[in-house]
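1. got a predicted structure here, sequence first:
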Amino acid sequence: MSTDAIVILKDDHKEIRKLFRAFRSAGENAQKEKGQLVDKIIEALTVHTYIENECMYPKVRDLVPELDDDVLESYEEHHVADVLVTELAAMSPSDERFDAKTTVLIENVEHHIEEEEDEWFPQVREHLGRKKLQEIGAEMLELKKEAPRSPAQPSALKKTLDAVLA
């Protein structure tokens, strides 16, 4: 397994996209399956945004100040996802707005992933180089072990509150 920070994040993106595809193809009345998929989406996004917010974004802000605006936009995109994830975690798949809210979450996250992969990651790689990205990646893998798995966990709540109050 690579410790390159960008490779780690892209691997997460692949897994998240796979869950999104499964949700979209689950069928209109597949409430149980959709509920299980949304639980997995929530966990994957909670872990992913945690390691980005706690490690990748602060490091890039320190090391590549010219990408500061991009990082700030990413924090805001995470904040929108955090709000939707928190709301979804409290909903039942039978709720009238469950599918709609999940669809909005998916669309927002897909936009974020595309921006990161197409625009941001190439700039970060160019500025930081392989060795630094491997150092950051190793730190992210350690953080992943202790990352919250649910938006209700204290460290996830803190992340959401920090985004709201920042």
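-> Perfect, I can see it now. Numbers count the residues shown, from 1 in each chain.

2. the residue in the chain sticking out farthest from the centre: what secondary structure?
-> No residue in the chain sits farther from the centre than N29, which is 27.2 Å out by CA atoms, centre = their mean. State at N29, reduced to three classes by DSSP: H, G, I helix; E, B strand; the rest coil: coil.

3. measure it to E76 for me?
-> Separation of N29 from E76 (CB to CB, to the nearest Å): 35 Å. Where you see a C-beta, it was placed from the backbone N, CA and C, and this is true even at glycine.

4. next one: Y57
-> The value you get for Y57 to E76, if CB to CB is used, is 11 Å.

5. repeat for L9
-> From L9 across to E76, the span is 18 Å (CB to CB).

6. neighbour count for the two, which is higher?
-> Just comparing L9 and E76: by other CB atoms under 10 Å the higher neighbour count belongs to L9, 21 against 13.

7. what ranges do the helices span in the chain?
-> In the chain, the helices defined using DSSP state H lie at 5-24, 31-51, 57-63, 68-89, 98-115, 121-146, 154-165.

8. now do the end-to-end distance for stretch 110-121.
-> 15 Å (CA to CA, to the nearest Å).

9. average pLDDT across that stretch?
-> On average, the pLDDT along stretch 110-121 is 96.

10. next: stretch 136-150.
-> The predicted model gives stretch 136-150 an average pLDDT of 92.

11. just the buried residues of it, please?
-> Neighbour-count burial for stretch 136-150 flags 136-137, 139-141, 143, 147-148 (criterion: 16 or more other CB atoms under 10 Å).

12. and those as TSV, adding distance to A100?
-> Formatted as TSV, those follow (distance: CB to CB, whole Å):
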residue	distance to A100
I136	36
G137	36
E139	37
M140	32
L141	35
L143	32
A147	28
P148	26
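
13. list the contacts of the residue lying closest to K144 once chain neighbours are set aside.
-> Closest residue to K144 apart from its sequence neighbours, by CB to CB, 6 or more residues apart in numbering: I51 at 5.6 Å. Going by CB atoms under 8 Å, 6 or more residues apart in numbering, I51 touches 8, 140, 143-144, 147.
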